[in-house]
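**Q** Would you be able to build a 3D model of this:
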Amino acid sequence: MTGQAMDERARAQDRLLWVDTAKGLGIILVVAAHVWTRGTIRDAIYAFHMPLFFLLGGYFAHPRPMKAFAIRQWRALGVPYIAFLLSLALADQLIEHARGHLPLFRTWQSAAWALLIGGSELKGPMTIFWFPPCLLFARLIQNALSQCWPNPRDWRWGCAMVASLVFGLWIGKGGFSPLGLLTVPVALVLLWLGALWRTLEKDSWLLLGGALVGLAALVLATPVPLNMKIGLYGTPYLSLGLAVALSLGLCGVARMLAPVRLLSLLGQRSLTIMFCHVAIIHYGAPYCDKPVLFLLGIALPVMVHEGLSRTAWGRRYFLGMEAFSVAKPAPN
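**A** Sure thing, here's the model as predicted:
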């Protein structure tokens, strides 16, 4: 390997490290906001925590053969979504009956409806399960459009994304969102902004500007929480702009904290934490103080991830990895 190739590989690894660190910071904020459910800090986290993950998801997007890309996304997001969803549905029956409580689904008909429809029909320990299918569909649409417009700077992307944003804000008032599809138009815009961001050779000014704008907005005004699951986006356009600014600012912090190995490790396990943490908080709330719930909401999913990574079926069905590979999955 030539010296230039080694330098390029090192730069790529550094880039992956800060992205994992940003995901690690993001998932810590997600868990915190689900533990401390009231207050200014919670509202500030809700102002940008989910848009952050869509921006980072779009950062590595580039046109790929549609069939191969769809299969990869199904394996990375679709299969783990089903595996964790069915596992939690079964666990809820066992846990709630053991506690003497009514389970989330009291008839097989209600269970079948909720599990098939997903999205807005999933509540309690499964409330976060709108995110993976929404991300999957948004990525598929982004990749399909990229076949026509490979460069995210193409003016046609801009026109399409303005239309997608307007449409997404309009249908967001509907409430009913099967498989999180209500959020897909706005998620698509965020993915495109992530891809557009990657085209900048020097983006330090962008990250600094995002941090300054975001912090100034939080200081000068009460943060408006977003709830992308049900299509609530605060003040139209303005709140989403603030979410992007805060996300960029956090990514600037992530670049400075990239050497902190713990954060990048959490980022690499962020999807498993996303799937599991709400259930841990839901079932543990009557028995644990909030700081303990916060630590458990991070630590237990990491332990679940590590356990699943040691089995072929765990890697294939729950972690979206190749069945017999022990290496990290390639970045999406």
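**Q** Which residues are in contact with the nearest residue to residue 121 once chain neighbours are set aside?
**A** Distances taken as C-beta to C-beta, 6 or more residues apart in numbering put residue 114 closest to residue 121, at 4.4 Å, once the chain neighbours are dropped. In this view, the C-beta of every residue, glycine as well, is placed from N, C-alpha and C. Residues counted as contacts of residue 114 (C-beta atoms under 8 Å, 6 or more residues apart in numbering) are 105, 121-122.
**Q** so where do the helices sit in the stretch 151-300 of the chain?
**A** Applying DSSP state H, counting those that start in this stretch to the stretch 151-300 of the chain gives helices spanning 155-171, 184-198, 204-220, 238-256, 261-268, 270-284, 290-308.
**Q** list the helices and strands the fourth one packs on?
**A** Contacts of helix 238-256 with other secondary structure elements, assessed using 3 or more C-beta pairs under 8 Å, 6 or more residues apart in numbering; DSSP states H and E, are made with helix 3-35, helix 49-59, helix 184-198, helix 204-220.
**Q** ditto for the first one
**A** Using 3+ C-beta pairs under 8 Å, 6+ apart as the contact criterion, the neighbours of helix 155-171 among helices and strands are helix 131-148, helix 184-198.
**Q** Can you give me the buried ones in that helix?
**A** If you call a residue buried by 16 or more other C-beta atoms under 10 Å, then helix 155-171 has these buried ones: 157, 160-161, 164-165, 168-169, 171.
**Q** Average pLDDT for that helix, rounded please.
**A** What helix 155-171 shows for mean pLDDT is 95.
**Q** now the shortest one
**A** For helix 261-268, mean pLDDT is 94.
**Q** okay, whichever strand or helix holds the residue nearest to residue 121 in CSV with CA atoms only?
**A** Element membership of residue 114 [criterion: DSSP states H and E] is helix 108-117. The C-alpha trace of helix 108-117 is given here as CSV (Å, rounded to 0.1, in the frame of the first residue of the first chain):
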residue,chain,number,x,y,z
TRP,A,108,-54.0,-11.5,19.5
GLN,A,109,-56.0,-9.3,17.1
SER,A,110,-54.7,-6.1,18.7
ALA,A,111,-51.2,-7.5,18.7
ALA,A,112,-51.4,-8.5,15.0
TRP,A,113,-52.7,-5.0,14.1
ALA,A,114,-50.1,-3.1,16.0
LEU,A,115,-47.2,-5.3,15.0
LEU,A,116,-48.2,-5.2,11.3
ILE,A,117,-49.0,-1.5,11.1
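**Q** sorry, back to before: relative to residue 201, which of the buried residues of helix 155-171 is nearest.
**A** residue 157 (18.9 Å; C-beta to C-beta).
**Q** Who are the contact partners of that closest one?
**A** Per C-beta under 8 Å, 6+ apart, neighbours of residue 157: 145, 149, 151, 192, 196.
**Q** ok, of the residues you listed, which come out buried?
**A** Buried, going by 16+ other C-beta under 10 Å: 145, 192, 196, out of these.
**Q** For stretch 304-313, measure first residue to last.
**A** For stretch 304-313, the first-to-last residue distance is 13 Å (C-alpha to C-alpha, to the nearest Å).
**Q** in it, what counts as buried?
**A** Buried, per 16+ other C-beta under 10 Å, within stretch 304-313: 304-305, 308-309.
**Q** Also stretch 271-288?
**A** Neighbour counts over stretch 271-288 (16+ other C-beta under 10 Å) mark 271-284, 288 as buried.
**Q** thinking again about what came up before, and of the helices of the stretch 151-300 of the chain, who's closest to residue 134?
**A** Using C-beta to C-beta, these put helix 184-198 closest to residue 134, at 5.6 Å.
**Q** average pLDDT across the closest one?
**A** 96.
**Q** Which secondary structure elements does that helix sit against?
**A** Counting contacts by 3+ C-beta pairs under 8 Å, 6+ apart, helix 184-198 packs against helix 49-59, helix 131-148, helix 155-171, helix 238-256.
**Q** Tell me what angle the last one forms with helix 155-171.
**A** The directions of helix 238-256 and helix 155-171 differ by 120 degrees, with axes from the mean of the first three to the mean of the last three C-alpha atoms, to 10 degrees as the criterion.
**Q** and stretch 166-176, how far apart are its ends?
**A** OK, stretch 166-176 end separation, C-alpha to C-alpha: 18 Å.
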